[in-house]
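Enquirer: requesting a structural model of the entry that follows:
(2 chains)
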Amino acid sequence: MKVSVRAVSGNYLQDLRIPEELGRYLRRADTFIQLAVVAAFQTFLAVDEGFQDAHGDCGLILGTTFGTMETNFGVLDQIVAGEQASPILFSHSVFNAAVGYMATIFKIKGCALTVTDFSFPFFRALQEASLALQSGTITRCLVLQVETYSALLHDARKSHGVDEYSWHPGAVCWLLEAEPEERGTAFYLDHSEIDGFMCDPLGFLSYREAVDFGDRVENTCAPLAAAMIIGDEIYRAKNRNVLDCRVEGVNGKVRITLKKG
Amino acid sequence: MSKLLVPSIAVIGYGCVSAAGKNAKVAAAHIRAGVAAHVPVASGYFPGDFTAPCFLVQDQWLQPFSGLSLAKQQQISRFNRTLLMALVAIEEALQRAEMSVADLQKKRVGIALGTTVGCTFHNEEYYREWKAGVDPNSGPLFTYLASNISHAVQDFLGVKGPRLVITNACASGTDAIGVAKSWLEHGLCDIAIGGGADELSRIACHGFKSLMLVSREECRPFDRDRKGLNLGEGSGVVLLEAEKNALAGNRNICGWIRGYGIAGDAHHPTAPDPEGRGLQRALGKALHNGGITGGMIGMINAHGTGTPANDLAETNALAAIGFDPAVPVVSTKGATGHTLGAAGGIEAVFTLMNLNRGEVSGTIGCRNPDPKFAFQVLPSAQNVTFSGRVGISQSLAFGGSNSALVIEGAGV
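Expert: Got it, this is the predicted structure:
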């Protein structure tokens, strides 16, 4: 059995358009939830599946660096002002609120996990999804990274002089599927390895990483960038049989190898 | 993957700290005695003049790993309360396993911990200053950036291996143990620490109060007069190893994590499915994963928060699965409060201890079990013995996620 990457999508907030059919579900949702739901919607669309198709055998693993920080601060605003907290704002500030929305909207009944790490949250989510697929508890899995950051974080980066590149909110989503060994024309996950280590906290504000594809290196400075770049490369590399990606930063390194055939 | 190839995962140590006690043994004794050690919180945590019982860990219990080097003392002095509670539980688990940190460092060690508050930045002083346009002292922000709970534990223990923080709301601790189990099954590490930790916070207190889920009185899980939950804090962890390696290392096996299941309600972003359909699926998966039938279950540690919706969904799910009505079902939140991301870890420890004793104590706070429930629970002041050494610890989470562990005691 192998784990194939069936579809990939990604959006930055400035390009986010909420599809009409999702409008009523996302009327009260915050940006974090909107980004996640729309990314999942686009991913299902890429494999010609409607959002109301049953996805009972699908899992859902969302990784994030900073989670719903801005919405959390919305609750904190009310607390420091001595006001009652808004139940909707509090509900949306819980890190797995987006996963709850996705499970409800797309009728996903498999595992639904939210995981956080300051280093490589997307790749950690990818590793967990791969294990869940290999164990046979699900047959497909959406893997996401969603980041919305916050104004406080932007100011902290500025005050420490590490804001030469702006962080843009966005979401990346991959659809993984368990497939028999002999099947498939899509990339499958051949190898994944994560080695994280402790760094100076300032390293998590500068977030310098290099994404190395063997024939070229892209330098990035944002928590979402590596997953976004690799997603783009999968989309572009349709004629390649092997995609070997290494991500290296002050906080560790990742290697993932995707193959066809 | 073929079921036959999956190794048995043994529990070689466990530990917990909560309002019920500074370690697992003390907490279990208090639960047997029906002691609820909450302290009423008059002000501070909740808005306005609202007061409610909260279950706090005593500060003097939070001194893990004595005899540390100066560098380690400095490191620990920067840790937040959630991390300190996690380390207290981990130290107890290591002691029970008769392992030192140096022993751990010779292994590939996976760390999967659940939390909710522990992964948020909620320093109010920093936030106030920043809102006022002042450039705040970076200390609290840098502490937050150094406090990803699994990363910080990994760094403190000086170990290498997979790590993950699971933020699945109230099911986080249960899911973390499931993740740790899967790492060992797939050979990603030699030993895994799984569980959860969470400190009490003003955000959680304000938030749960805004949702009208907080009881102003002692919580009464499964009682006909239940009025909501009480919040708490703590940590609970299990130390896991593939059974064949544990036997080869002459470890004292306390039990096994036989099965894990997780499933979504796909019902509503915040409310549980009233029939507990997601929980039914999670239980079915956990039993299947462990190769266990419902008839083998000796006891069930329910999530049992004391909110009307949770307790109804849970009892409906247990009835629908068809467990023997004689199987004792209990909640321990009357002794610990709802410790959110820690709950699954703490309750897995209590479940294992009950399975090893073959005896379980009734639900503290539940004096008159709700007769409308489709499955009746064990009320307070009743201790019963049961046959069999296999049980379940289950969690329901905000967001409609449900998780269950099938645990077997070793009778030690």
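Enquirer: can you pull out the helices in chain B?
Expert: Under the criterion DSSP state H, chain B contains helices at B:24-32, B:70-77, B:81-96, B:101-105, B:124-131, B:139-145, B:149-157, B:172-185, B:202-210, B:243-248, B:277-290, B:308-321, B:333-336, B:343-357.
Enquirer: again with the stretch 1-150 of chain A
Expert: Listed in chain order, the helices of the stretch 1-150 of chain A (DSSP state H, counting those that start in this stretch) span A:31-46, A:69-80, A:87-93, A:97-106, A:121-135.
Enquirer: possible to save these as CSV with distance to residue A:219 and mean pLDDT?
Expert: All C-beta atoms are positioned from the backbone trio N, CA, C, and that covers glycine. Output for these, formatted as CSV (distance: least, CB to CB, whole Å; pLDDT from 0 to 100):
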stretch, distance to residue A:219, mean pLDDT
helix A:31-46, 24, 96
helix A:69-80, 25, 95
helix A:87-93, 33, 95
helix A:97-106, 29, 94
helix A:121-135, 18, 96
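Enquirer: could you dump those helices into CSV with distance to chain B added?
Expert: Output for those, formatted as CSV (distance: least, CB to the nearest CB, whole Å):
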stretch, distance to chain B
helix A:31-46, 8
helix A:69-80, 5
helix A:87-93, 3
helix A:97-106, 3
helix A:121-135, 5
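Enquirer: the helices of chain B: lowest mean pLDDT?
Expert: Looking over the helices of chain B, mean pLDDT reaches its minimum on helix B:70-77, with a mean of 89.
Enquirer: who's in contact with that one?
Expert: Contacting residues not belonging to helix B:70-77 are listed as B:64, B:65, B:68, B:84, B:87, B:155, B:156 [CB atoms under 8 Å, 6 or more residues apart in numbering or on different chains].
Enquirer: so where is chain A shaky, pLDDT-wise?
Expert: Low-confidence segments of chain A (pLDDT under 70): A:183-184.
Enquirer: all strands of it, in order?
Expert: A:2-12, A:58-64, A:112-116, A:140-147, A:170-179, A:188-196, A:209-212, A:217-220, A:242-249, A:252-259 (DSSP state E).
Enquirer: ok and the residue in chain B nearest chain A?
Expert: residue B:399 (2.9 Å; CB to the nearest CB).
Enquirer: give me the number of residues near that residue?
Expert: If you count neighbours by other CB atoms under 10 Å in any protein chain shown, residue B:399 ends up with 29.
Enquirer: ok, it - contacts?
Expert: By CB under 8 Å, 6+ apart, residue B:399 lies in contact with A:94, A:96, A:97, A:99, A:100, A:103, A:112, B:168, B:169, B:269, B:270.
Enquirer: excluding residues flanking it in the chain, which one is nearest it?
Expert: Excluding its sequence neighbours, the residue lying closest to residue B:399 (CB to CB, 6 or more residues apart in numbering or on different chains) is residue A:100, at 2.9 Å.
Enquirer: quick check: bridge partners of residue B:240?
Expert: Taking DSSP bridges as the rule, residue B:240 bridges to residue B:11, residue B:192.
Enquirer: for it, what are its contacts?
Expert: Residues near residue B:240 by CB under 8 Å, 6+ apart: B:9-12, B:177, B:180-181, B:184, B:191-194, B:257.
Enquirer: quick one on the thing from earlier: of the helices of the stretch 1-150 of chain A, flag the one that's most buried.
Expert: helix A:97-106 (a mean of 28; mean count of other CB atoms under 10 Å in any protein chain shown).
Enquirer: residue A:28 - nearest residue in space that isn't next to it in sequence?
Expert: Leaving aside its chain neighbours, residue A:28 sits nearest to residue A:88 (5.8 Å; criterion: CB to CB, 6+ apart).
Enquirer: I figured that neighbour was touching residue A:29, is that so?
Expert: No. Using CB atoms under 8 Å, residue A:88 is not in contact with residue A:29; the gap is 9.5 Å.
Enquirer: if we can go back for a sec, as TSV, the contacts of helix B:70-77 with neighbour count would be great.
Expert: Converted to TSV, those look like this (neighbours: other CB atoms under 10 Å in any protein chain shown):
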residue	neighbour count
B:64	20
B:65	16
B:68	14
B:84	21
B:87	26
B:155	16
B:156	21
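Enquirer: next, count neighbours for residue B:357.
Expert: Neighbours around residue B:357, by other CB under 10 Å: 16.
Enquirer: next, the contact list for residue 198, please.
Expert: Picked chain A for this. Counting by CB under 8 Å, 6+ apart, residue A:198 touches A:251, B:146, B:151, B:155.
Enquirer: wait, chain B was what I had in mind.
Expert: Counting by CB under 8 Å, 6+ apart, residue B:198 touches B:82, B:85, B:115-118, B:233-235, B:339-342.
Enquirer: please tell me how far it sits from residue B:348.
Expert: Per CB to CB, to the nearest Å, residue B:198 is found 15 Å from residue B:348.
Enquirer: measure stretch B:373-386 end to end?
Expert: 22 Å (CA to CA, to the nearest Å).
Enquirer: what lies in contact with it?
Expert: Contacts of stretch B:373-386 (CB under 8 Å, 6+ apart): B:32, B:34, B:221-223, B:298-299, B:302, B:304, B:311-312, B:315-316, B:318-320, B:323, B:325, B:327-331, B:334, B:358-369.
Enquirer: if we can go back for a sec, let's have the helices of chain B in TSV, adding distance to residue B:407.
Expert: Listed next are the helices of chain B as TSV, based on distance: least, CB to CB, whole Å:
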stretch	distance to residue B:407
helix B:24-32	14
helix B:70-77	31
helix B:81-96	15
helix B:101-105	23
helix B:124-131	39
helix B:139-145	34
helix B:149-157	22
helix B:172-185	9
helix B:202-210	27
helix B:243-248	14
helix B:277-290	9
helix B:308-321	16
helix B:333-336	18
helix B:343-357	5
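Enquirer: tell me which of these lies nearest to residue A:84.
Expert: helix B:202-210 (6.0 Å; CB to CB).
Enquirer: report the buried residues of that closest one.
Expert: The neighbour-count check on helix B:202-210 (16 or more other CB atoms under 10 Å in any protein chain shown) flags B:202, B:203, B:204, B:205, B:206, B:207, B:208, B:209, B:210 as buried.
Enquirer: so which elements touch it?
Expert: Here helix B:202-210 touches helix A:69-80, helix A:87-93, strand B:52-55, strand B:231-232, going by 3 or more CB pairs under 8 Å, 6 or more residues apart in numbering or on different chains; DSSP states H and E.
Enquirer: mind checking which of those is nearest residue A:57?
Expert: helix A:87-93 (27.5 Å).
Enquirer: which other helices and strands does that closest one contact?
Expert: With contacts defined as 3+ CB pairs under 8 Å, 6+ apart, helix A:87-93 has these neighbours: helix A:69-80, helix B:202-210.
Enquirer: redo that, cut-off 10 Å
Expert: Here helix A:87-93 touches helix A:31-46, helix A:69-80, helix A:97-106, helix B:202-210, going by 3 or more CB pairs under 10 Å, 6 or more residues apart in numbering or on different chains; DSSP states H and E.
Enquirer: determine which residue lies closest to the centroid of chain A.
Expert: Closest to where the C-alpha atoms of chain A average out (CA atoms, centre = their mean) is residue A:145, at 1.2 Å.
Enquirer: measure that one to residue A:217 for me?
Expert: As judged by CB to CB, residue A:145 and residue A:217 stand 21 Å apart.
Enquirer: which ones are touching the residue in the stretch 101-250 of chain A that chain B sits nearest to?
Expert: Going by CB to the nearest CB, chain B is nearest to residue A:201 of the stretch 101-250 of chain A, at 3.6 Å. The contact partners of residue A:201, by CB atoms under 10 Å, 6 or more residues apart in numbering or on different chains, come to A:118, A:160, B:138, B:141, B:142, B:143, B:144, B:145, B:146, B:147.
Enquirer: ok, and the most crowded of those?
Expert: Using other CB under 10 Å as the neighbour test, those are led by residue A:118, with 25 neighbours.
Enquirer: all good on my end, thank you.
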